[in-house]
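Asks: Sequence isn't available, so here's the structure alone:
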């Protein structure tokens, strides 16, 4: 039951990803994004992903020597092609391009194609928000092994957990960050439960017959189980509708393609960046935001709650806590990483 510091996770991930063929610089960028996920409490997108990425490299689904290209661009738009490299490298480049265009024109719309799993969306929109800009990110996944959600009214999975994220500057320092899937939970959180030998909560999963289950293994068995859409059994049509919209925005519009094809696993993305200063002074935006936030937090606290938190505040609290107490990594995940380390000739302690 190992417990690591964030810095230790960065070092472990950097060493093993570099050993798999990445440059040291790019391996560290990927490692830092993975460690950031762990440090904020989103273990589903942290070091647990390393075995997945290494297997993808071994299968040539991730190419370690590919370059990120801009296929076409205008003052406001760009099409970014990852050429089947790491999603984190591709998406980080897309953010750089978008920020540059938004500073000049006030707006930017960037699409991403041919990129492997881009990781935790919050990292990208948080970075954008810290530049006094607003980031909107919509992501889909392609490749039939990624089926995770049955359409509303169906029993067999046909869709994936398509996420979206918003990053908005806050007058209180850390940005307001919303990062959510269109399913009740991200697939990675089910994976964490499986690796820890724990049951999933009610209203997360359905088995292959469309019946509720608490067994995380149904999502990875044959025939496949599925994750309920956002809204669960009562209002899952809302999550299903959002999922359809994101599939078309991030998949069809980007040229990455939509779920239902037999191509390799990848993410398509649509990133929109808004420069606040080109709409109104940032001080005015913060002033209005502060009034609104105080209004929201003035509500009496319900039973079972200590305070009213804005989106992103939980992550900030967890980050401070884990900086002091360390980051827990389940034994199953660590054993998988040790096996890969041995295979790649990397000593991991």
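Replies: Yep, it's here. Bear in mind the structure is a predicted one, so any value in this text is a computation, not a measurement.
Asks: need the contact list for the residue positioned nearest the centre of the chain.
Replies: Nearest to the mean C-alpha position of the chain, by C-alpha atoms, centre = their mean, lies residue 120 at 2.5 Å. Neighbour list for residue 120: 33, 36-37, 42, 45, 179 [criterion: C-beta atoms under 8 Å, 6 or more residues apart in numbering]. The way it works is simple: take the backbone N, C-alpha and C, and place the C-beta from them, glycine included.
Asks: got a markdown table for the residues you listed, with distance to residue 303 and pLDDT too?
Replies: Below are the contacts of residue 120 laid out as a markdown table (distance: C-beta to C-beta, whole Å; pLDDT from 0 to 100):
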| residue | distance to residue 303 | pLDDT |
| --- | --- | --- |
| 33 | 38 | 98 |
| 36 | 34 | 97 |
| 37 | 32 | 97 |
| 42 | 27 | 94 |
| 45 | 32 | 94 |
| 179 | 27 | 96 |
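Asks: Not counting sequence-adjacent ones, nearest residue to the residue nearest to the centre of the chain?
Replies: For residue 120, the nearest residue in space outside its immediate sequence neighbours is residue 45; the separation is 4.0 Å by C-beta to C-beta, 6 or more residues apart in numbering.
Asks: now swap in residue 143 and tell me
Replies: Looking at residue 143 with C-beta to C-beta, 6+ apart, the closest residue is residue 265, at 3.7 Å.
Asks: So which residues of the stretch 101-250 of the chain form helices?
Replies: With DSSP state H, counting those that start in this stretch, the ranges of helices along the stretch 101-250 of the chain come out as 121-129, 187-195, 232-246.
Asks: Give the next helix or strand downstream of the longest one.
Replies: Yep, that's helix 232-246 we're talking about. Heading C-terminal from helix 232-246, the first helix or strand you meet, by DSSP states H and E, is strand 266-275.
Asks: Which positions in whatever helix or strand comes next after that next one come out as buried?
Replies: Of the helices and strands lying after strand 266-275 in sequence (DSSP H and E), the nearest is helix 282-297. By neighbour count, and taking 16 or more other C-beta atoms under 10 Å as the criterion, the buried residues in helix 282-297 are 285-286, 289, 293.
Asks: would you turn those residues into CSV with pLDDT and distance to residue 26?
Replies: As requested, those are arranged in CSV below (pLDDT from 0 to 100; distance: C-beta to C-beta, whole Å):
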residue, pLDDT, distance to residue 26
285, 98, 35
286, 97, 35
289, 97, 36
293, 97, 38
